[in-house]
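>>> fold the stuff below for me.
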Amino acid sequence: MSTITRTYPSAAAGSHLRPFDVSRDLNAVADLVEACFADTLDEDGRRYVDQMHAAARNPRYLRWAMAVAENVSLPLTGYVWEESGRVAGNLSLIPYISRGVRSYLIANVAVDPAYRQRGIARALTNAAIQHARRGGAQEVWLHVREENLAAKSLYLSLNFVERARRTSWEISTTASSATSGEISPVPDGSNVVRPAAGHWHLQREWLLGTYPPELTWHLPFKLHNLRPDVWGSLYRFFSGAQVRLWGAVQGRTLLGVLAWQPQAGHADHLWLAASPLLEEQAVAVLMPALRQGLPGRRRMVLDYPGGRARFALEQAGFHLQQTLIWMQLRLSD
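I've put the predicted structure just below:
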């Protein structure tokens, strides 16, 4: 019995690489993303894929997307790898401005398993870098799952530098999940208080350290909405934001402030501002208050620096969802 060997052209030739065409490719890219990330898509991810399919059927949306692709922070541009009329690889580019710096985020990098190990992801990434240069960007960012060593190796070889690790934690205050983890006793001398205006100086410092704009521009994080003073109340009133705050103190020492912010997605957001030296203690004080203060609420997610407060969060009933490595390429170097 003879063996048939399939030979593919090299990705380096670029003969199958072309710009993403939202009116032509959106549905195929949605199928590819769904197939490549089926094991890791959460509810928001599945909703995102469904929205891509729905958008592909909406001519009005497609016309709008083609007109604004380079001016809105949405994945409306990028590159695909196509063979025999089939989209076998994709990379999305999201333009944005953070800290006054024009940047691009590389996202949705997906290659059909039958076409892997041929340099397609490298070709797509190189095309994205050149696109960013032509677009006047100063930086290119991306994030990759901590366990995806092959992708991390690829990006390091292209001179991306690791800048941070961010962990997504999830918790529910429903009765069924409240007993899923043993909650540590509240440390002696610690109390839950309503944050005061005098706490804002420290809270702001911790928030800026924990949620820097270059890593959180895509999240519904608005610093002024978390202020505990009258100015915060005014910001929330005019922005329509709903936020609830809890503070943890030991004597006169502020340990941390926890904010809850409801969202339209599958989970609400939590924002934790705590002293890096006392954050384990702050979590032990604040999380029981969260459960008692929001009985019967749905799931909540916390984005936090990787490796920090892990034991205390697990003891409080949080479940680790994923850790993403954020990587940066400076184009001006």
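>>> and the residue lying closest to residue 259 once chain neighbours are set aside, how many neighbours?
Distances taken as CB to CB, 6 or more residues apart in numbering place residue 271 nearest to residue 259, at 4.3 Å, with adjacent residues excluded. The C-beta positions use only the backbone N, C-alpha and C, and glycine is treated the same way. Neighbours of residue 271 under the rule other CB atoms under 10 Å: 26.
>>> now residue 167
Neighbour number of residue 167 under other CB under 10 Å is 21.
>>> need the three-state assignment for it.
Secondary structure for residue 167, judged by DSSP: H, G, I helix; E, B strand; the rest coil, is strand.
>>> that one touches residue 323, doesn't it?
Yes. With contact defined as CB atoms under 8 Å, residue 167 reaches residue 323; the gap is 4.6 Å.
>>> common neighbours of these two, please.
Jointly contacting residue 167 and residue 323 under the rule CB atoms under 8 Å, 6 or more residues apart in numbering are residue 306.
>>> tell me the spacing between residue 137 and residue 166.
Shown here: residue 137 relative to residue 166, a distance of 22 Å by CB to CB, to the nearest Å.
>>> again with residue 52
Counting by CB to CB, the separation of residue 52 from residue 166 is 24 Å.
>>> same check on residue 208?
15 Å.
>>> pick out whichever of the two has more residues nearby.
Legend: neighbour count by other CB under 10 Å for residue 208 and residue 166, higher for residue 166 (20 against 12).
>>> list the contacts for that one?
143, 215, 303, 304, 305, 306, 323, 324, 326.
>>> go on, residue 191?
248, 249, 250, 285.
>>> restricted to helices, list those residues.
residue 285 (DSSP state H).
>>> with pLDDT, distance to residue 21 and neighbour count as extra columns, can I get the contacts of residue 191 in a markdown table?
Listed next are those as a markdown table, based on pLDDT from 0 to 100; distance: CB to CB, whole Å; neighbours: other CB atoms under 10 Å:
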| residue | pLDDT | distance to residue 21 | neighbour count |
| --- | --- | --- | --- |
| 248 | 96 | 52 | 28 |
| 249 | 95 | 56 | 20 |
| 250 | 92 | 58 | 16 |
| 285 | 95 | 53 | 26 |
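>>> so which of the contacts of residue 191 sit within strands?
Of the positions in the contacts of residue 191, 248, 249, 250 sit in strands, assigned by DSSP state E.
>>> just those now: which is nearest residue 260?
The closest of these to residue 260 turns out to be residue 248 (CB to CB; 14.2 Å).
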